[in-house]
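Enquirer: Got a predicted structure plus its sequence, pasted below:
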Amino acid sequence: MLINKLFTGPLPILSYHLRITTSKKPTNSSAMSCIYKDPNAAIEARVKDLLSRMTIKEKIGQMTQIEREVATRSNIKEACIGSILSGGGSKPKENATSLDFADMIDEFQMGALETRLGIPILYGIDAVHGNNNVFGTTIFPHNVGLGATRDADLVRRIGEATALEVRASGSNYAFGPCVAVSRDPRWGRSYESYGEDTELVRKMSSLVSGLQGEPPKDHPNGYPFMAGRRNVVASAKHFVGDGGTENGTNEGHTNISYEELERIHMSPYPDCLAQGVCTVMASYSSWNGDRLHTNHFLLTSVLKEKLGFKGFVISDWEALDRLHTPYGSNYRLAISNTINAGIDMVMVPFRYELFLDELLSLAESGEIPMARIDDAVERILRVKFVAQVFEHPLTDRSLIDLVGCEKHRQLAREAVRKSLVLLKNGKDKPFLPLDKKAKKILVAGTHADNLGYQCGGWTISWDGTSGRITVGTTILDAVKKVVGSDTDVIFEENPSPETFDNQDFSYAIVAVGEQPYVETGGDDPVLKIPLNGSEILSLVANHVPTLAILISGRPLVIEPELLEKLDAFVAAWLPGTEGDGITDVIFGDYGFQGRLPTTWFKSVDQLPMNFGHDSYDPLFPFDFGLTTNSNELID
């Protein structure tokens, strides 16, 4: 993207005239007569030209994002739909591969290209830790684990790999990164956050540059950017304060001053805007009693005007239906209030016919001014031109071979080993690293051989599930690969006292933790280890020297007497498909590097508790992490 001369048009802050240079040239004089079809024309000129040609029906179609389940080639063409998405787990068939997605999405795209103006769609997907909806892709650790790495470059590289695997599926829009600052682990989305510290979350916003490409140093702040067809449109979410709700209640109330909101929760967004993030997703939550989706001050006065954001703001899933009780009522009012507040594209996702009818009526009546409609469509078109979807609307199928490739899996493995946090290592002397040549070892626990549990929510299905849900390596798989040929590995998911009869185990590796969950389903006021995890750990540790591996999206209650029994304790978060990253570290091929991205509480009665608070008395403080061969803290 090149900046070539001043632009004196209607943009109030942006003073640059942008253009994308491509190798593709207009093929005929007819194409040259339409500025918006000229890939060498300046972006703002293309936006202005195309907007001037659009009818009101075409404009409101661009503001509409519908679910793939209700999308067809014909209704996309008829309604001039601007965007389609796969909701969590929504796919063309069971175990759908990238090729299956590409075939479906290209069919939808053909419907858009058949419209009068041929405006391509953006296809959005929740690629929040890899292209996690799609079978066979590389599943990276969830964000809480990446926060433990403190490695912004690693996160950027994960963004690059994710973008390639997303584009291979035909999609060009990823709903990430989540830059929430999670202040309470009782929140069911806390694992989607990089941690409790604003500066840590700001650092990890580097995912934007990984997904979209890194803009040049003189790129205008707040103006959307995408490097090329191997990148994807990103979405910083959820604006704003979603990690600060009372009691960690999902979609709840963040009751703090504007100064605190800006200092703690808003600070990562300017970092995303500086990287040219194309879209921002509004939060379901409320700020001091006002819903974010209808908050003109935050969406328009702050985000668009003060911060200078020139991309588009998108609603969250069925957010308009959630604004009134009963669910879905007062829909016309919900549309009016959200669009006038500054929402540009609405993730409908199902009631699109009603949405289009009501939006058209509101625009024609003046209840939503045409200036607001035009501003929304300008922003959407700007992102589409920046993303080069007019030049490259269909899937680049040469990328298919990169899906789940060895390079990406090695990157995920690196992320796993860097994310592991060593919380205890030995009683009198270091217990780790483990001996690969031990005679007999016990591998136990509900999470030792369960890929679905290892990956967590937002994996293949919306809420995640148990078992061999995709291609990957469990902890048990990894242990069997790394130990010596003379080592006997015994696995019991739920060991009993009889497990230890006449057995001479050198040590045990016990993996326990949370079952997959998402959003409100993950809100938890007690934070106990599920599935009798504490009892399993205690039983094994009573008989055998034990390494405990906790698979979870957040800190959980660890009773002092249990911690005392354990010989070593590792927080592995939700590591994804590459279990080899765990054995890389516990057997000593690599040292521990991870540090806690969030405070580990002693009791839920202490919550919310974050570092810097008065009476800060954690079990393990924020930033805690031990080295492998001693009980020294990582520097």
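Expert: Here it is on my side, so go on. Numbering: from 1, shown residues only.

Enquirer: just the strands in the stretch 201-350 of the chain please.
Expert: 235-239, 253-254, 279-282, 286-287, 290-291, 312-314, 346-347 (DSSP state E, counting those that start in this stretch).

Enquirer: is L442 in a bridge, and if so with what?
Expert: Listed by DSSP bridges, the beta-bridge partners for L442 are I490, A508.

Enquirer: what residues are up against it?
Expert: 490-492, 495, 499, 503, 505, 507-510, 540, 544 (Cβ atoms under 8 Å, 6 or more residues apart in numbering). All C-beta spots, glycine's among them, are computed from the backbone N, C-alpha and C.

Enquirer: The closest residue to A168 other than its chain neighbours in helix, strand or coil?
Expert: Nearest residue to A168, sequence neighbours excluded (Cβ to Cβ, 6 or more residues apart in numbering): L399, at 3.8 Å. Of the three states, L399 takes helix according to DSSP: H, G, I helix; E, B strand; the rest coil.

Enquirer: returning to what we had before: which of the contacts of L442 sits closest to T162?
Expert: Closest to T162 out of these is I509 (29.9 Å), distances taken as Cβ to Cβ.

Enquirer: quick one: low-confidence parts of the chain?
Expert: Residues of the chain that meet the criterion pLDDT under 70 lie in 1-32, 629-631.

Enquirer: Need the outlier residue of it, farthest from its centre.
Expert: Most distant from the centre of the chain: N502, at 47.7 Å, with distances by Cα atoms, centre = their mean.

Enquirer: quick one: the residue lying closest to G426 once chain neighbours are set aside and P608, what's the gap?
Expert: Using Cβ to Cβ, 6+ apart and skipping the chain neighbours, the partner closest in space to G426 is D567 (6.2 Å). For D567, the distance to P608 equals 32 Å [Cβ to Cβ, to the nearest Å].

Enquirer: what does T254 give?
Expert: 12 Å.

Enquirer: Those two: who's more crowded?
Expert: T254 (24 against 19; other Cβ atoms under 10 Å).

Enquirer: Can you name the residues that contact that one?
Expert: Contacts of T254 (Cβ under 8 Å, 6+ apart): 241-242, 244-246, 261, 265, 285-288.

Enquirer: go again using 7 Å as the cut-off
Expert: 241, 244-245, 285-287 (Cβ atoms under 7 Å, 6 or more residues apart in numbering).

Enquirer: Likewise for F239?
Expert: 269, 280-283, 292, 303.

Enquirer: Likewise for A161?
Expert: 138, 408, 411.

Enquirer: swap the cut-off to 10 Å and go again
Expert: 130-131, 137-138, 140, 210-211, 402, 405, 407-409, 411-412 (Cβ atoms under 10 Å, 6 or more residues apart in numbering).

Enquirer: what's the most distant pair in the residues you listed?
Expert: L211 and R409, at 19.0 Å, using Cβ to Cβ across these.

Enquirer: Between the two, which is the more surrounded one?
Expert: Under the neighbour definition other Cβ under 10 Å, L211 and R409 were set side by side, and L211 has more, 30 against 22.

Enquirer: The more buried one is in contact with T279, isn't it?
Expert: No - assessed by Cβ atoms under 10 Å, L211 is found out of contact with T279, at 11.2 Å.

Enquirer: Overlap of the contact sets of these two?
Expert: By Cβ under 10 Å, 6+ apart, the residues touching both L211 and T279 are 173-174, 233-235.

Enquirer: quick revisit: can you list the contacts of F239 in TSV and add distance to L531?
Expert: Formatted as TSV, the contacts of F239 follow (distance: Cβ to Cβ, whole Å):
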residue	distance to L531
Y269	38
V280	38
M281	33
A282	36
S283	31
L292	35
L303	42
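
Enquirer: Which pair in those residues has the greatest spatial separation?
Expert: Y269 and L292 (12.7 Å).

Enquirer: higher neighbour count, the two?
Expert: Comparing Y269 with L292 by other Cβ under 10 Å, the one with more neighbours is L292, at 27 against 23.

Enquirer: Look up the closest residue to S90, ignoring the ones flanking it.
Expert: Counting by Cβ to Cβ, 6+ apart, the residue nearest S90 is R68, at 5.7 Å.

Enquirer: need the contact list for that neighbour.
Expert: R68 touches 84-87, 90-92, 101, 104-105, 108, 123-125, 349, counting by Cβ under 10 Å, 6+ apart.

Enquirer: What residues of stretch 114-130 count as buried?
Expert: Residues of stretch 114-130 classed as buried: 115, 117, 119-130 (neighbour count, 16 or more other Cβ atoms under 10 Å).

Enquirer: so what does the helix or strand that contains E58 touch, helix or strand wise?
Expert: According to DSSP states H and E, E58 maps onto helix 56-62. Helix 56-62 sits against helix 43-53, helix 73-79, helix 352-365, helix 370-386, with contacts defined as 3 or more Cβ pairs under 10 Å, 6 or more residues apart in numbering; DSSP states H and E.

Enquirer: and with 8 Å instead?
Expert: helix 352-365, helix 370-386 (3 or more Cβ pairs under 8 Å, 6 or more residues apart in numbering; DSSP states H and E).

Enquirer: and those helices, which is most packed in?
Expert: helix 370-386 (a mean of 21; mean count of other Cβ atoms under 10 Å).

Enquirer: following it, which helix or strand comes up?
Expert: With secondary structure assigned by DSSP H and E, helix 370-386 is succeeded by helix 406-419.

Enquirer: Contacts for that following helix, please.
Expert: Outside helix 406-419, the residues touching it (Cβ under 8 Å, 6+ apart) are 130, 138-141, 145-146, 148-149, 151, 154, 157-158, 161, 164-165, 402, 572-573, 575-582, 584-585, 590, 593-594.

Enquirer: now do 6 Å
Expert: With Cβ atoms under 6 Å, 6 or more residues apart in numbering as the test, helix 406-419 has contacts from 138, 140-141, 145, 148-149, 151, 154, 161, 573, 575-576, 578, 580-581, 584-585, 590, 593-594.
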